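The amino acid sequence is not available; the structure is as follows:
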C-alpha cells in the first residue's frame with residue numbers, strides 16, 4: 001500500500017488547490033544532461049490526486065453523492081460470491097497437486113488456446129493444410145518437395161480470396177514472405193479460360209510492384225523457382241532508368257505474363273507504351289505502405305491507369321484484381337480500398353495494426369512513475385453517458401491488487417483477474433456481461449489472463465503497465481475488436497462509440513518513446529508537444545551511446561540517413577575515433593589532389609583501393625620485397641590459423657597480405673576449412689582454404705594496411721532508392737577497376753576519403769599533353785540511374801563543423817604556377833562562381849570542364865565527346881589543374 005502513497009500531503013489539499021493543480025501542464029525540459037533517458041523525463045508535477053487504498057469506508061473520498069444504489073448492490077453481490085469461493089478454496093486447497101503447474105497454465109492447456117485469429121472484413125474459411133489449400137496440384141507437389149511446413153496463420157486466411165481473384169488487403173508481420181500472395185496468383189494464372197476475352201496481343205496479365213529494385217529482384221528469383229511448376233509465364237524483371245529512350249526501346253518477350261518492377265519504372269513504361277497493359281488483370285502491391293510513402297504520386301497514377309483499363313466493356317468477363325500486402329496500416333490504404341477496390345477481403349493478423357484499421361482512439365499520458373495512480377484516476381470517467389467496459393492492464397499480481405484498491409477507493413466497482421484468482425474466472429465473466437446503460441464496469445487484469453477471458457467488447461483499454469512487446473500491445477487492443485469501426489462513417493458519426501486506448505508513459509518506459517511516437521503519427525492521433533520534446537531528448541541520448549559504432553553508411557554515401565530514429569549506426573562525427581588514420585608516417589590527406597587505384601568496387605560510388613604516392617610508395621617497396629621473399633621457396637604453409645592473424649597469400653604471380661576474419665569448421669574431418677580473409681592492402685574479401693595461407697615474417701607486418709575507402713560525392717540513386725542498381729555498379733566496375741585516377745579530396749575521416757571529382761587521365765606523349773577520358777560522377781549520371789545530390793558535400797561539412805574538426809585548406813604555396821592554354825567544358829550542373837578568387841585547383845567538373853551530356857539526353861557510353869562551352873570557360877582554373885598533372889606525371 002505504501003507504493004501508491006507518493007505524497008500524503010496532497011490528500012490534505014483543499015478542493016480549490018486540487019482543481020487548480022489538475023490543469024497544470026507537464027514540463028519536459030531537461031534538468032540534468034546525462035546519458036540516462038530518465039534525465040529527460042518531466043520533473044514538474046502537475047497532478048495532485050494521490051490515492052490511498054486504505055482510506056476508511058466512512059471517509060470523504062469513499063462517500064460519493066453520485067454513486068448509484070444499483071452499482072453498490074452489484075458490488076455487494078460480487079463480494080459475497082468472492083468470499084464464498086475463497087472459503088471453498090480454503091476448505092479444499094487441492095494438496096495432491098505437486099507438479100508446480102499453476103491453475104492458469106492448466107486451464108490454458110485444457111482449452112488449447114490460440115492467439116487472436118485475425119480481424120477480417122469479410123468472412124473467410126481458412127485453409128489449414130496444403131491439401132485443403134486452393135493452390136494448383138503442381139504447386140502443392142512443389143511445396144511438398146521443398147518440405148513446406150504448411151500455410152502460416154496469415155497464409156491460411158489470405159490464400160483463398162486471392163486464389164478466387166478477389167481484391168485483398170493483407171496486413172501482417174510476414175512482409176518478407178512473398179509466398180503470401182505469389183502462390184495463389186500463380187494458381188489463378190493457370191486458368192486460361194478466364195482470359196479469353198482479353199485482346200490477343202503481347203502484354204502481361206499480372207504486375208508485381210515492389211518499393212525497390214532489391215525486393216523486386218528477390219521476388220523475381222522466387223517467381224522463377226515456383227513458376228517452373230506451372231505453365232510457362234516468361235516473367236520479366238523491369239528496372240528502367242531516367243532516359244525516355246530506354247522506356248521506348250523496352251521490349252517484352254512474347255508470352256510474358258508477369259512483370260516484376262518498381263513504381264517509377266512501371267510509370268515510365270506506361271507513359272511510353274501504355275498499350276502493353278491492355279491485358280493487365282492482376283495488380284500486386286508488395287509492401288504497400290512503403291510504396292505509398294515513397295512514391296505516392298506514382299502509385300495513384302498507376303492505379304488510375306489500371307482502373308481506366310478494367311472499366312472497358314469488352315473486359316467485363318475477365319478478372320480484375322488488386323492485392324495489397326504490407327506490415328503497417330495507413331490512411332493511403334484506406335483510400336485505396338474506397339476508390340480502387342470492389343468489396344475487398346481484409347486480413348489483418350497484426351492486432352496493433354488492426355486497431356489503426358478500426359479507428360481506435362489512441363491517447364498517451366506522460367507522468368512520473370509515482371504519479372501513475374493519480375493519472376489513472378483522472379483518466380477514468382466517473383459519470384459515463386453510455387455504458388462503458390474498461391480494462392486496466394497491469395504487469396503483476398501485486399500491481400493488479402493495488403490498482404483495484406485505488407479504483408474502489410473512489411467508489412467505482414472494479415473486478416480483478418490474475419493467475420492467483422483463476423478460480424474466480426466464471427464469476428468475473430458473468431459480472432462483465434452484466435452492464436446497464438449509463439453505468440460502467442472496470443476490470444484490472446494481467447496479460448496472461450487475456451486468452452482465457454476472450455473479451456472482445458471492451459470500450460476502453462488502459463495500459464497501466466507498459467506492454468512488454470508489440471504482440472502484447474496488440475492483444476490488449478484486440479479486446480475492443482467488437483467496436484472497431486474501420487472506414488464505416490466519419491469520426492463525428494461514430495461519436496462516443498469510438499473505442500479508446502490510453503497509455504501511461506513514465507520515465508521507466510523512456511526507451512519505447514520513439515516507437516510510441518511513430519505509432520501515434522500513423523494513427524493520426526493528437527501527439528502532445530511534450531512527447532515530441534521528450535522523444536528528441538531520448539534520441540539525443542541514444543545517439544550519445546553510439547559513439548563506438550560505425551558511421552552510418554548512408555550518411556557517408558549520400559549525406560543523409562532515411563530514418564535516424566531506427567538506424568542502429570552513428571550519425572555524428574567523433575573527433576577521437578574519426579581522425580584520419582595513418583598509412584605510414586603520414587595520415588590520410590584531408591585536402592588537395594591525389595592519385596588513386598580502386599581495386600574493390602562495393603557499388604557505383606563506394607570503392608576500396610590505394611593512394612599512389614609518386615615520391616614515396618612504401619607499398620610498392622613492400623610488395624617487391626614480398627615477391628622476392630616468396631620466390632626463394634619460402635612458402636611455408638600455416639598449420640594453425642588464428643582469427644585476425646596476418647598471413648601471406650599467393651594469387652597467380654602476385655603475393656598479398658591477408659587478415660583472417662572467420663574460420664568455418666567442416667563436418668568432414670579430412671576436408672579443408674573455408675577461411676574468410678580480407679586483403680588488407682586492397683580492401684576486398686575472399687574465401688580461401690588453409691593450405692593457401694603462407695607464413696608471413698614479422699617485418700612484413702610493420703606497414704599499416706594500405707586499403708582506403710573512397711566515396712564519390714554529389715550523386716545518389718534515382719527513384720528514392722538507397723542502394724545502387726547493379727547495372728550501374730557493373731558498368732562502373734568495368735570502367736575503373738585497377739586503373740589510375742586523379743581525385744580531389746573533400747574530407748577524410750578514419751579510413752574513408754570523400755572525393756569530388758574522380759577522373760581518368762590519358763597522357764598523350766606525342767603531343768606532350770593529357771586528356772581526361774571520363775569523370776566517374778558524369779558516367780554514373782549518364783546511365784540514367786542516378787541523380788544530382790548537391791547537398792552531400794554541405795552535409796559533410798556541417799558534420800565536420802558540429803564535431804569542431806578544423807577545415808584543412810590548401811595554402812598558396814601548393815598552387816602551381818599559371819600557364820597559358822585552353823580548357824574544355826564539362827558537366828555544367830555546378831556554378832562556376834564557386835571557384836572564383838580562391839587561388840587553388842578547381843573542384844570536380846569546374847576543374848576540368850569536360851562537356852558532359854545531361855542525364856536525360858545521353859546513353860551509357862556518353863560523356864566524353866562534346867562541344868566546348870565558351871560561356872562557362874575559365875582558362876586559368878583549367879591551366880592550374882593541367883600544370884598540377886604535368887608536375888605529378
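Perfect, thanks for sending it. As the structure is a prediction and not an experimental result, all values here were calculated from the model.

Tell me which helix or strand in the chain has the weakest average pLDDT.
Scoring the helices and strands of the chain by mean pLDDT, DSSP states H and E places helix 844-848 at the bottom, with a mean of 39.

and after the lengthiest strand in the chain, which helix or strand comes next?
Criterion DSSP state E: the longest strand present in the chain is strand 752-764. Of the helices and strands lying after strand 752-764 in sequence (DSSP states H and E), the nearest is strand 769-775.

what distance separates that next one from the centre of its chain?
42 Å (CA atoms, centre = their mean, to the nearest Å).

can you check stretch 546-558 too?
16 Å.

Quick check: end-to-end length of it?
20 Å (CA to CA, to the nearest Å).

Only the buried residues of that stretch, if you could.
Residues 546, 551, 552, 554, 555, 556, 557, 558 are the ones in stretch 546-558 that count as buried (16 or more other CB atoms under 10 Å). (C-beta placed from N, C-alpha, C; glycine too.)

which parts of the longest strand of the chain are buried?
Buried-residue list, strand 752-764, by 16+ other CB under 10 Å: 752, 753, 754, 755, 756, 757, 758, 759, 760, 761.

Pull the contacting residues for the fourth one.
By CB atoms under 8 Å, 6 or more residues apart in numbering, the contact set of residue 755 is 594, 596, 710, 711, 712, 713, 743, 744, 745, 746.

One more: residue 750?
551, 577, 578, 579, 580, 581 are the contacts of residue 750 under CB under 8 Å, 6+ apart.

Now do the same for the second one: helix, strand or coil?
Which is residue 577. coil (DSSP: H, G, I helix; E, B strand; the rest coil).

tally of neighbours for it?
15 (other CB atoms under 10 Å).

Got the domain ranges for this protein?
The record assigns the chain these domain ranges, following automatic domain parsing: 2-57+355-539, 119-348, 617-700.

so which of those gets nearest residue 734?
Of all those, domain 617-700 sits nearest to residue 734, with 15.9 Å by CB to CB.

give me the low-pLDDT residue ranges for this structure?
1-117, 175, 313-314, 382-385, 436-438, 486-497, 666-672, 806-889 (pLDDT under 70).

Swap in 50 and give it another go.
1-72, 74, 85-101, 107-113, 116, 489-495, 809-882, 884-885, 889 (pLDDT under 50).

circling back to that earlier point, out of the domains of the chain, which gets nearest to residue 783?
That would be domain 119-348 among the domains of the chain, by CB to CB, at 6.4 Å.

Next, the angle from the longest strand of the chain to strand 769-775.
Strand 752-764 runs at 130 degrees relative to strand 769-775, counting by axes from the mean of the first three to the mean of the last three CA atoms, to 10 degrees.

Next, the contact list for the nearest residue to residue 550 once chain neighbours are set aside, please.
The shortest distance from residue 550 to any non-neighbouring residue, by CB to CB, 6 or more residues apart in numbering, is to residue 569 (5.8 Å). Taking CB under 8 Å, 6+ apart, we find residue 569 in contact with 546, 549, 550, 551, 552, 553, 555, 561.

Nearest to residue 780, out of these: which one, please.
When those are compared for distance to residue 780 (CB to CB), residue 553 wins out at 17.6 Å.

And the closest one, how far from residue 722?
10 Å (CB to CB, to the nearest Å).

cool, and residue 696?
Distance from residue 696 to residue 722, by CB to CB: 39 Å.

These two: who's more crowded?
residue 696 (22 against 16).

Three-state assignment for that one, please.
Under three-state DSSP, residue 696 comes out as coil.

Hmm, it is touching residue 649, no?
No: Residue 696 lies out of contact with residue 649 (CB atoms under 8 Å); the separation is 9.1 Å.

Determine the number of other residues adjacent to residue 147.
Residue 147: 6 neighbours (other CB under 10 Å).

roughly how far apart are it and residue 688?
In terms of CB to CB, residue 147 sits 33 Å off from residue 688.

try residue 649
6 Å.

roughly how far out does the longest strand of the chain sit from the chain middle?
35 Å.

Strand partners (parallel or antiparallel) of it?
Counting by DSSP bridges, the strands paired with strand 752-764 are strand 708-712 (parallel), strand 741-749 (antiparallel), strand 769-775 (antiparallel).

want to throw the ones you listed into a markdown table with mean neighbour count and distance to residue 534?
What follows is the strands paired with strand 752-764, written out as a markdown table (neighbours: other CB atoms under 10 Å; distance: least, CB to CB, whole Å):
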| stretch | mean neighbour count | distance to residue 534 |
| --- | --- | --- |
| strand 708-712 | 23 | 35 |
| strand 741-749 | 23 | 32 |
| strand 769-775 | 19 | 48 |
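
can I get the ones you listed in TSV with distance to residue 238?
Output for the strands paired with strand 752-764, formatted as TSV (distance: least, CB to CB, whole Å):
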stretch	distance to residue 238
strand 708-712	27
strand 741-749	33
strand 769-775	28
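
what bridges to residue 238?
Beta-bridge partners, per DSSP bridges, of residue 238: residue 261.

Just to check, it is in contact with residue 266?
Yes: Residue 238 is within contact range of residue 266, at 7.2 Å (criterion: CB under 8 Å).

For these two, list the residues in contact with both.
residue 259.

quick one, which of the domains of the chain is nearest to residue 728?
It's domain 119-348; of the domains of the chain, that one is closest to residue 728 (CB to CB) at 8.8 Å.

Tell me the span between the first and last residue of that closest one.
End-to-end for domain 119-348, by CA to CA: 5 Å.

And residue 377, how far from residue 414?
12 Å.

Please say which of these two ends up with more neighbours.
residue 414 (21 against 18).

Wait, the more buried one touches residue 440, no?
No: checked against CB under 8 Å, the pair residue 414 and residue 440 is beyond contact range at 10.1 Å.

Whatever helix or strand residue 544 lives in: which residues count as buried?
In the assignment (DSSP H and E), residue 544 maps to helix 529-545. Residues of helix 529-545 classed as buried: 530, 531, 534, 535, 537, 538, 539, 541, 542 (neighbour count, 16+ other CB under 10 Å).

Report the next helix or strand after it in sequence order.
Following helix 529-545 toward the C-terminus (DSSP H and E): helix 553-558.

what's in contact with that next one?
By CB under 8 Å, 6+ apart, the list of residues contacting helix 553-558 reads 560-562, 567, 569, 571, 605-606, 711, 716, 722, 752, 754, 789, 792, 795, 799.

Among the residues you listed, which lie within strands?
606, 711, 716, 752, 754.

Excluding sequence neighbours, find me the nearest residue to the fourth one.
Of all residues beyond its chain neighbours, the one nearest residue 752 is residue 709 (4.4 Å), with distances taken as CB to CB, 6+ apart.

Would you enumerate the residues in contact with the one you found?
Taking CB under 8 Å, 6+ apart, we find residue 709 in contact with 606, 607, 608, 683, 751, 752, 753.

Mutual contacts of residue 377 and residue 414, please.
Both residue 377 and residue 414 are contacted by residue 407, under the criterion CB under 8 Å, 6+ apart.

part of a strand, is residue 359?
No: with three-state DSSP as the criterion, residue 359 is assigned coil and is not in a strand.

Tell me how many other residues surround it.
Neighbours of residue 359 (other CB under 10 Å): 22.
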